[in-house]
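S.K.: Everything below, folded, please.
(2 chains)
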Amino acid sequence: MKKTVLVKMKENQKGRVLEITGGYSIQNKFMSMGIYPGREITKLSHFALKGPVTIKTGRSVLALGHGMAAKIILEVE
Amino acid sequence: MIKRVFLIGNPNVGKSVVFSRLTGVQVISSNYPGTTVEIIKGYLKLGEDKIEVIDLPGTYSLEPSSKAEEVAVNLLKGSLPEESAVINIIDATNLERNLFLTLQLIEQGYPVIVCLNMCDDTEHRGIHIDFKKLEELLGVAVVPTCAVTGVGIKFLLERLKEAKPFTENKLAHEARWQRIGTIVDSAQKLTHRHHSFREMLEDASIRPLSGLFISIAVIYTSFKIVRFIGEGLITRVFDPFFFNHYQPFLEKLSSALAPGSFLHHLVVGELINGKIDFKQSMGVLTTAPYIEFAMVLPYIISFYFVLSLLEDIGYLPRLAILLDNLLHRLGLHGFAIIPVLLGFGCNVPGILATRSLESKRERFIASTLISIGVPCVPLQAMIFGLLGSFSGFYVGGVYLVLFSIMIITGVLLNYFLKGYSPELLLEIPPYRFPPFGAFTQKLFFRIKGFIIEAVPIVLLGVAMINLLLYFHLFDFVTGIFAPVIQGLFGLPKDAVVALVIGFLRKDIAVGMLIPLGLSAKQLFIAATLLAISFPCVATFVVLWKELGAKELLKATSIMIGASLVVGTILNFGILH
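M.R.: Sure, this is the predicted structure:
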């Protein structure tokens, strides 16, 4: 197990959310869409030049801006 | 006794489709989060009672994060009188995520019943939901429906009276997700399915390389289809009708009214070389219907055909991911591409759609860029009709200039405006294929909307121009603006009239350029200026409502400034 940030994960890699390093409103927004500590998510793709990241959480596919993805700390194998 | 029903749910679960089913009121629904940005009201009859139904913009939770969500949550929180019920619509293909809002609603004591929508879409995805079990675990009525076909709506109405509030402990967010986990585990069974072709496409379109190829293919094909259908309708349907059937009638009318009389001038207009010329006569029954029906309407049909298809399939959010990076440079994020695309149809719905953007700053930038650089279908159709006869180079040139202006203005606004713009956070829906009936209904709804809104203004506008020309009242206006128009833009002073009329409607404005016999360069400049300068009056009013007077003034000065600069550069620089 090791700690990493969503933006540094590889495509198709799975991880468990450890924490979200953002303010209350961003945590809330993530929370309501199904990204919260303890949740397992899969990174799907990452666009070049600090582009967006896509992830799968449960049955939802979400796209996050690079800055948002940099706020999600996960635990990976 | 229930008198009022609120429809609430996550974005893109089909609230608007349920609303249309309940009330018979047609509203636009698509396959992307954030189609509905305003509160829509309608009525349904239940036995003897008339119940008000309120469709709210989608929200993930009762803590809003965009203007559209705020509108929904505030209305729900603000006043919920005794006789109200809340129908919480949830997407059966994504039960877990949807239940977050459901539990929040139940915990906060709203009288809720759950409408489990898209039930037809579950089995082939390997999802099996035990409705009875779900009902038991949630403690509120759960009705499975498929709103696009209408299945289950009757049962939903029958069980509406079961919507009653009951007190429940408020949970912390984490605890709520835990409870959802237990509910989903016992009410839903998943069976493994092999990846279907559709899922492979869904996946390929969000990966950088394959996504880029798919987007190029989609945009190219869309453009080809719009032109193919648009031109096909003009040459095969509308032109033959006007020239073979309508013209003989007008010729009889013309000789009956006697050319030269006032009435002839108003109704038929000027005869060009002794004949009626649909493009130049400027009569209420000649040029007005020809511009709207034979030049603009065919492209309205073809544009909305393609746009509706892309919306319903669910491609647009994928385009948002691909363009996120570019749009960041303009102070926006990827989702802004959706208002921009809607703006290509008509700027009004485009600007309204900016409500789905999170900050005021983004909404200002997006609205300004749409009014400056996004030509609506009526304007584009006229540009095609007019400049297309010179060469494709000029048509492409207009788009290139507009695109550059948008990028430059966006970069400048992003640099000079205070604050920063939030980032993309967007749910990507699965691809869905709309039932044929629902699709054609939406297309007809949009075409009908165009005809109802545009035709009266065009008739009135042409009548007004006609009278002003007859009484030579334009001379005054042309005199004032002539130095700018002639000196800076190299246009004849009569073009002032067209630019002023552009405030009323862009299509008639371009129509007014035809009789002036402009050169390709002059037409190019005039068409570009019509797009950049003032928006039409309908857009102007919406900008005012959405941004407020002060911001509107700011946006307008940017537009005027941009037109002066671009017009001058085009005249003296590039095209000299």
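S.K.: so what's residue B:528 up against?
M.R.: Residue B:528 makes contacts with B:398, B:401-402, B:566-567, B:570, as judged by Cβ atoms under 8 Å, 6 or more residues apart in numbering or on different chains. Every residue, glycine included, has its C-beta placed from N, CA and C.
S.K.: One more: residue B:202?
M.R.: Contacts of residue B:202 were listed using Cβ under 8 Å, 6+ apart, and they are A:61, B:428, B:430-431.
S.K.: longest single helix anywhere in the chain?
M.R.: All of this refers to chain A. When chain A is scanned for its longest helix (criterion: DSSP state H), the result is helix A:24-33.
S.K.: hm, I was asking about chain B
M.R.: Max-length helix for chain B by DSSP H is helix B:436-470.
S.K.: Tell me the helix or strand right after it.
M.R.: helix B:474-482 (DSSP states H and E).
S.K.: Mind listing what's buried along the longest helix of chain B?
M.R.: B:438-439, B:442-443, B:446, B:449-450, B:454, B:457-459, B:461-463, B:465-466, B:468-469 (16 or more other Cβ atoms under 10 Å in any protein chain shown).
S.K.: How confident was the prediction at residue 30?
M.R.: If you meant another chain, say so; for now it's chain A. What the model reports as pLDDT for residue A:30 is 92.
S.K.: that's the wrong chain, I meant chain B
M.R.: The model's pLDDT for residue B:30 equals 86.
S.K.: Out of the contacts of residue B:202, list just those in strands.
M.R.: Under the assignment DSSP state E, these contribute A:61, B:428 to strands.
S.K.: Quick check: the farthest pair among the contacts of residue B:202?
M.R.: A:61 and B:431 (11.3 Å; Cβ to Cβ).
S.K.: Which one's more surrounded, those two?
M.R.: Set residue A:61 next to residue B:431 and count neighbours by other Cβ atoms under 10 Å in any protein chain shown: residue A:61 wins out with 22 against 16.
S.K.: Enumerate every residue touching the spatially closest residue to the more buried one that is not a sequence neighbour.
M.R.: Once flanking residues are discounted, residue A:61 sits nearest to residue B:428: 4.3 Å by Cβ to Cβ, 6 or more residues apart in numbering or on different chains. Residues in contact with residue B:428 (Cβ under 8 Å, 6+ apart) are A:54, A:61-63, B:202, B:206, B:314, B:317-318, B:321.
S.K.: Swap in 7 Å and give it another go.
M.R.: Residue B:428 makes contact with A:54, A:61-63, B:206, B:317-318, according to Cβ atoms under 7 Å, 6 or more residues apart in numbering or on different chains.
S.K.: Which of the three states applies to residue B:248?
M.R.: With DSSP: H, G, I helix; E, B strand; the rest coil as the basis, residue B:248 sits in helix.
S.K.: secondary structure element for residue B:50?
M.R.: Using DSSP H and E, residue B:50 falls in strand B:49-55.
S.K.: Which residues does that strand contact?
M.R.: For strand B:49-55, using Cβ under 7 Å, 6+ apart, the contacting residues are B:2-7, B:15-16, B:19, B:22-23, B:27, B:36, B:39-44.
S.K.: just so I have it, where are all the helices in the stretch 201-350 of chain B?
M.R.: B:208-233, B:239-240, B:247-257, B:262-267, B:287-289, B:297-313, B:316-329, B:337-345, B:347-353 (DSSP state H, counting those that start in this stretch).
S.K.: do the same with chain A
M.R.: Using DSSP H, helices in chain A cover A:24-33, A:66-69.
S.K.: tell me what the longest helix of chain B is packed against?
M.R.: helix B:262-267, helix B:287-289, helix B:297-313, helix B:506-513 (3 or more Cβ pairs under 7 Å, 6 or more residues apart in numbering or on different chains; DSSP states H and E).
S.K.: among these, which is nearest residue B:240?
M.R.: helix B:297-313 (12.4 Å).
S.K.: who's in contact with the nearest residue in space to residue B:429 that is not next to it in sequence?
M.R.: Distances taken as Cβ to Cβ, 6+ apart put residue B:314 closest to residue B:429, at 4.5 Å, once the chain neighbours are dropped. By Cβ under 7 Å, 6+ apart, the contact set of residue B:314 is B:31-32, B:429-432.
S.K.: did I read that right, residue B:25 in a helix?
M.R.: No: if the criterion is three-state DSSP, then residue B:25 is coil and not within a helix.
S.K.: For chain B, what's the nearest residue on chain A?
M.R.: residue A:65 (2.8 Å; Cβ to the nearest Cβ).
S.K.: ok, residue B:404 to chain A distance?
M.R.: For residue B:404, the distance to chain A equals 21 Å [Cβ to the nearest Cβ, to the nearest Å].
S.K.: Nice, that's everything, thank you.
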